[in-house]
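J.: using only what follows, build the 3D model:
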Amino acid sequence: MSSKLAPSILSADFSKLGDQALEATRAGADYLHIDVMDGHFVPNISFGAAVMKSLDPLETAPYDVHLMIEDPDRYLGDFVTENTAFITVHQEACVHLDRTLDHIRSYGVAPGVALNPATPLGMIEHVLDQVGLVLIMSVNPGFGGQHLIPYTLDKIRKLRDYRAKKGLDFQIEIDGGVKADNCEAVADAGADILVAGSAVFGRDGITDRVKALKALI
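T.: Residues are numbered from 1 along each chain as shown. Next up, the predicted model:
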């Protein structure tokens with residue numbers, strides 16, 4: 001089975017956001033990755049729900065919301081739309097992760113949990129039967145354009161093997177440094193969804209780059 005592609009709008013030209021989101025969707029993007037940063041959990045501020053919801057009138061790919069924020073429970077409802085497929089929170093940002101996942105599920109949205117590169121998989125072992133998505137960060141979150149950290153592919157392999165052993169059915173996503181020259185290795189390691197930012201957005205030729213990445217994975 002081929003992997004899916006989730007272009008991150010963080011790297012888009014925000015003066016052309018709607019047009020670029022539509023172009024990526026029509027080229028074959030499976031999700032639009034929505035990177036939300038608060039300047040506290042990560043050292044950067046991106047955008048809030050209003051920017052995401054500005055795309056609601058358009059027929060874009062479903063939203064894959066990634067909350068890199070402290071106290072995410074306060075804001076979960078803001079990111080729930082008819083087009084929201086996943087809302088993912090960081091294990092490191094949640095005091096009561098089990099409760100937060102239940103909160104997301106109460107909106108009828110699939111909950112996801114993310115791990116920073118150095119956070120071990122064991123930190124989420126007890127909630128893996130409650131999630132629809134596990135996001136492995138392959139860079140330290142906060143900024144686009146970083147290089148993929150090689151050891152994160154080992155985390156994906158271990159998570160893939162654990163999922164098979166336990167008979168679980170969550171999807172494995174990778175975010176950070178995914179490019180044309182490494183996406184095949186990332187998919188082979190076991191990633192079901194690949195987030196790509198600067199490899200898709202930020203300059204002309206979005207359609208060609210989406211199609212090229214999709215062909216590789």
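
J.: can you pull out the helices in this protein?
T.: Assigned by DSSP state H, the chain shows helices spanning 17-27, 49-53, 97-106, 151-166, 183-189, 206-216.

J.: read off the pLDDT value for the residue nearest to Ala212 when sequence neighbours are not counted.
T.: Nearest non-adjacent residue to Ala212, counting by CB to CB, 6 or more residues apart in numbering: Ala180, 6.2 Å away. The way it works is simple: take the backbone N, C-alpha and C, and place the C-beta from them, glycine included. Looking at Ala180, its pLDDT is 94.

J.: list phi and psi for Ala180.
T.: phi -60, psi -30 (degrees, to the nearest 10).

J.: and Tyr151, how many neighbours?
T.: Look at Tyr151: counted by other CB atoms under 10 Å, it has 10 neighbours.

J.: kindly report the same for Val36.
T.: Other residues within reach of Val36, judged by other CB under 10 Å, total 25.

J.: what residues are bridge-paired with the nearest residue to it once chain neighbours are set aside?
T.: Excluding its sequence neighbours, the residue lying closest to Val36 (CB to CB, 6+ apart) is Leu67, at 5.1 Å. Under the criterion DSSP bridges, Leu67 forms beta bridges with Val36, Val89.

J.: which of the residues in stretch 97-107 are buried?
T.: For stretch 97-107, a neighbour-count test (16 or more other CB atoms under 10 Å) marks Leu97, Thr100, Leu101, His103, Ile104 as buried.

J.: nearest to Lys53, of these?
T.: Closest approach to Lys53 among these (CB to CB): Ile104, at 17.5 Å.

J.: contacting residues for Leu121?
T.: By CB atoms under 8 Å, 6 or more residues apart in numbering, the residues touching Leu121 are Leu115, Lys155, Lys158, Leu159, Tyr162.

J.: dump these to CSV, plus distance to Phe170, neighbour count and pLDDT.
T.: Output for the contacts of Leu121, formatted as CSV (distance: CB to CB, whole Å; neighbours: other CB atoms under 10 Å; pLDDT from 0 to 100):
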residue, distance to Phe170, neighbour count, pLDDT
Leu115, 13, 20, 98
Lys155, 14, 24, 98
Lys158, 14, 15, 98
Leu159, 9, 22, 98
Tyr162, 10, 14, 98
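
J.: tell me the one of those residues nearest Ser46?
T.: Lowest distance from Ser46 to those (CB to CB) belongs to Leu115, with 19.5 Å.

J.: where does this protein dip in pLDDT?
T.: 1 (pLDDT under 70).

J.: so the residue of the chain positioned farthest from its centre versus Leu101, what's the distance?
T.: Largest separation from the mean C-alpha position in the chain: Lys165, at 24.2 Å (CA atoms, centre = their mean). According to CB to CB, to the nearest Å, Lys165 and Leu101 sit 22 Å apart.

J.: what does Val65 give?
T.: According to CB to CB, Val65 stands 14 Å off from Leu101.

J.: follow-up on the earlier one: now distance to Gly144 too, for the contacts of Leu121, in CSV please.
T.: What follows is those, written out as CSV (distance: CB to CB, whole Å):
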residue, distance to Gly144
Leu115, 19
Lys155, 21
Lys158, 26
Leu159, 24
Tyr162, 29
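
J.: OK, contacts around Leu213?
T.: Leu5, Ala180, Cys183, Leu194, Ala196, Ala199, Val200.

J.: in strands only, show me those residues.
T.: Leu5, Leu194, Ala196 (DSSP state E).
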